[in-house]
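**Student:** Test case, fold it:
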Amino acid sequence: MHLDGDITASAGPVNAIVDVDSLGLGNGEAVPSLGADFEWDPLTVAVEGLVARYDGAGIAEADFSGQGQTITLGTPLESQIDLGLYQARATWDLMPSSPFDVGFGVGGGLIDYGISFDPTNVEPSIDIDENLPFGFLTARVGRKFGDFELLGLASGFGFDFGDEEIQFTEFQGSLIWSLWDMKAGSAALELGYRYIEIDYEFDPSQGNFDVDATLDGFFVGASMRF
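**Tutor:** Residues are numbered from 1 along each chain as shown. From the prediction side, this is the model:
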């Protein structure tokens, strides 16, 4: 998945916006994801998680502050972003007897992130490590064609709570090919595309931290059904 977007941090009178490409974090990285679906027609419950890590080297394009510390303009930086996204969704199929799968529901999840900006000189680093639980609305649409199935998922939410504000959007589309089907179960291959957008602002009394970022990319996977 490819990471794109801006990161803002401030403390006192200093405020700076940096682009992830300037930090050397814009390259695509392999992102593992694991999940399971449980079906009790017309109810489907899905749980999944992904873990992403991006490392890069760049130069601060402006004074960059956070946690009462400041990284000055032109400072060489080594940066790291770790992101864990864990979700559980429950959808209700509105047309269980139809060849189409059209479901709407709710879900909950957790964003666990860590961000580190480490100057290569003697200046102190800026490290942020937080987690954020959330709830969201979700929908899924599917259609089977023999051994193939088209599946689309969409989720989104937004809220403002205390010193935190977040907007979250996710879209996923996939083509599933059932290549082995017997009474004991089946196996399938899956090819698709996933897009995740996170706009998160943390505004404590000592400063401000804002991430406006997207993760997107094609994926390939395998699944078993019992």
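**Student:** counting contacts, what elements does the strand or helix carrying Phe219 pack onto?
**Tutor:** Using DSSP states H and E, Phe219 falls within strand 208-225. On a contact count with 3 or more CB pairs under 8 Å, 6 or more residues apart in numbering; DSSP states H and E, strand 208-225 meets strand 2-11, strand 185-202. Backbone N, C-alpha and C define where each C-beta goes, glycine included.
**Student:** What pairs with the shortest one, parallel or antiparallel?
**Tutor:** If you go by DSSP bridges, strand 2-11 pairs up with strand 14-19 (antiparallel), strand 208-225 (antiparallel).
**Student:** how distant is that strand from the center of its chain?
**Tutor:** Mean C-alpha position of strand 2-11 versus that of the full chain (CA atoms, centre = their mean, to the nearest Å) differs by 15 Å.
**Student:** which residues does Gly156 bridge with?
**Tutor:** Going by DSSP bridges, Gly156 forms beta bridges with Leu137, Thr169.
**Student:** shouldn't it be in contact with Phe168?
**Tutor:** Yes - taking contacts as CB atoms under 8 Å, Gly156 lies within contact range of Phe168: 6.3 Å.
**Student:** Find the residues that touch each one of those two.
**Tutor:** Listed as contacting both Gly156 and Phe168 by CB atoms under 8 Å, 6 or more residues apart in numbering are Phe136.
**Student:** more neighbours, these two?
**Tutor:** Phe168 (21 against 14; other CB atoms under 10 Å).
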